[in-house]
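> attaching a predicted model along with its sequence, questions to come.
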Amino acid sequence: MRILLATDAWEPQVNGVVRTLVRTIAECRALGHQVDIISPDQFKTFPLPTYPEIKLAVGAYEPIQDRFKSFEPEAIHIATEGPIGLAARRICLEWKLPFTTSYHTRFPEYISARLPLPLAAGYAYMRWFHDPSGRLMVATPTMRDELLKRGFRNISPWTRGVDTDQFRPIGVNGREGVFGDLPRPIWLNVGRIAVEKNIETFLQMDLPGTKVVVGDGPQKEELMAKYPGTVFAGARFGDDLAAHFADADAFVFPSLTDTFGLVILEAMGCGTPVAAFKAPGPIDIIPGSGAGVLAQSDRLEDLAQACLDCLKLDRRAVRAFAETYSWRASSEEFIRNLQPYPEPEKARFWRRLRRLTRLRNRTPQSD
């Protein structure tokens, strides 16, 4: 199947959305599918205010039309709600092409955390964007139920996976620790250092040992000055990132705005248990897993207790739980959710479109 994927989130961005899409595309290609990616690096861009590493495409509509025509996709997936997603959505509606979308980011909450914009306005935009989608893919049952209550429809599950070859415990294939003589326990957080990630709650907790934050973001300088006892290790990638996960005693996930939290599975893959609030993502992964502990309330003290309780868990059981999540299974679910055209209709549509394009581009002949 020829799959066209339109996304405003792409490398060199470092986040769970990009990692999910990269792994899904790789698995789809390994399964024999062709995938064409429309991403910001193919256009002129400008930085998103307050998120300068996120680049927004300019003038994408006509080039994306050409990509549709040349690739003739059998399935179209729009992953994000930015300029590229909007252009692809417009083309699909104008040409009456079925498409699917996915809900990766709690965009209304992110915006409300930064701007005086009510949640209702953000959700009105998201409903408008996703309403024509044949299927809206979400990562967890909790996120599905929340969106249903807010008036979304056509919702289908699309879970996530973890690379258990890369994210593995210390002592496997020669991997060593990275935290040296830092006082133990090591409490780790990995992700974008920004207000919507609720990292300051983690830093405010009274815990023994050392807190370590891996990542970059607009709130980093402020938090470094405010919490000098915390180790800010900067952005880490690949095996280096995995080693930081593996050498921590517990991973702390205070976010209330993520739809899944891929870092949860990456920590578990390294055998590191996870402490988190009862929010979408953690509440769907952790209960009954033996791989983490949920705070009993949204109070800081309860999250601190969940951290301490993580130290009692068997790291081998944590790793075993992570091994039940695979990117192959996630990608097969993604493929099942796509809406490919019926073969006869697909062939007729693209023939008709090519004919109309030739007629429009034909130069009038003089008498």
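Here it is on my side, so go on.

> tell me which helix or strand I111 sits in.
helix 107-114 (DSSP states H and E).

> packing partners for that helix?
helix 119-130 (3 or more CB pairs under 8 Å, 6 or more residues apart in numbering; DSSP states H and E). In this view, the C-beta of every residue, glycine as well, is placed from N, C-alpha and C.

> can you point out the buried residues in the helix holding I111?
By neighbour count on 16 or more other CB atoms under 10 Å, the buried set for helix 107-114 is 107-108, 110-113.

> just the strands from the stretch 251-367 of the chain, written as ranges.
In the stretch 251-367 of the chain, strands defined by DSSP state E, counting those that start in this stretch lie at 274-276, 292-294, listed in chain order.

> could I get these in TSV, plus columns for distance to L353 and mean neighbour count?
Output for the strands of the stretch 251-367 of the chain, formatted as TSV (distance: least, CB to CB, whole Å; neighbours: other CB atoms under 10 Å):
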stretch	distance to L353	mean neighbour count
strand 274-276	48	28
strand 292-294	50	24
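
> what's near enough to touch P208?
Applying CB atoms under 8 Å, 6 or more residues apart in numbering to P208 gives the contacts 183, 185.

> which SS class is it?
Of the three states, P208 takes coil under DSSP: H, G, I helix; E, B strand; the rest coil.

> for K197, find the nearest of the strands of the stretch 251-367 of the chain.
strand 274-276 (12.2 Å; CB to CB).

> got the contact list for the closest one?
By CB under 8 Å, 6+ apart, strand 274-276 touches 250-255, 261, 264, 267-268, 282, 286, 291-295, 303, 306-307, 309-310.

> any idea of the mean pLDDT in that strand?
The predicted model assigns strand 274-276 a mean pLDDT of 98.

> how about stretch 83-90?
Stretch 83-90 comes out at a mean pLDDT of 97.

> ok, and what's touching it?
In contact with stretch 83-90 (CB under 8 Å, 6+ apart) are residues 4, 6-8, 38-40, 43, 56-58, 60-61, 64, 76, 78-79, 99, 101, 129, 132.

> now, these that are in helices?
61, 64, 129 (DSSP state H).

> for the first one, list the residues it contacts.
Y61 makes contacts with 87, 90-91, as judged by CB under 8 Å, 6+ apart.

> just the buried subset of those residues, please.
87, 91.

> sorry, back to before: out of the buried residues of helix 107-114, which is nearest to K346?
The closest of the buried residues of helix 107-114, once distances to K346 are taken by CB to CB, is F107, at 32.0 Å.

> state the distance from that closest one to D258.
12 Å (CB to CB, to the nearest Å).

> same check on P49?
Note on P49: its distance to D258, by CB to CB, is 21 Å.

> those two: which is more packed in?
More neighbours surround D258 than the other of P49 and D258, with 27 against 10 (other CB atoms under 10 Å).

> pairing-wise in the sheet, spell out the partners of the more buried one.
T105 (DSSP bridges).

> list the contacts of it.
Applying CB under 8 Å, 6+ apart, the residues contacting D258 are 16, 106, 279-281.

> farthest-separated two in those?
Maximum pairwise distance among the contacts of D258 (CB to CB): 14.3 Å, between G16 and A279.

> can you give me the angle the helix holding I111 makes with helix 119-130?
150 degrees (axes from the mean of the first three to the mean of the last three CA atoms, to 10 degrees).

> can you show me the CA trace of helix 107-114 as CSV?
Extracted in CSV, the C-alpha atoms of helix 107-114 (Å, rounded to 0.1, in the frame of the first residue of the first chain):
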residue,chain,number,x,y,z
PHE,A,107,-2.8,21.1,22.2
PRO,A,108,-5.6,23.0,24.1
GLU,A,109,-3.9,22.4,27.5
TYR,A,110,-0.5,23.4,26.1
ILE,A,111,-1.8,26.7,24.7
SER,A,112,-3.8,27.5,27.9
ALA,A,113,-0.6,26.9,30.0
ARG,A,114,1.1,29.7,28.0
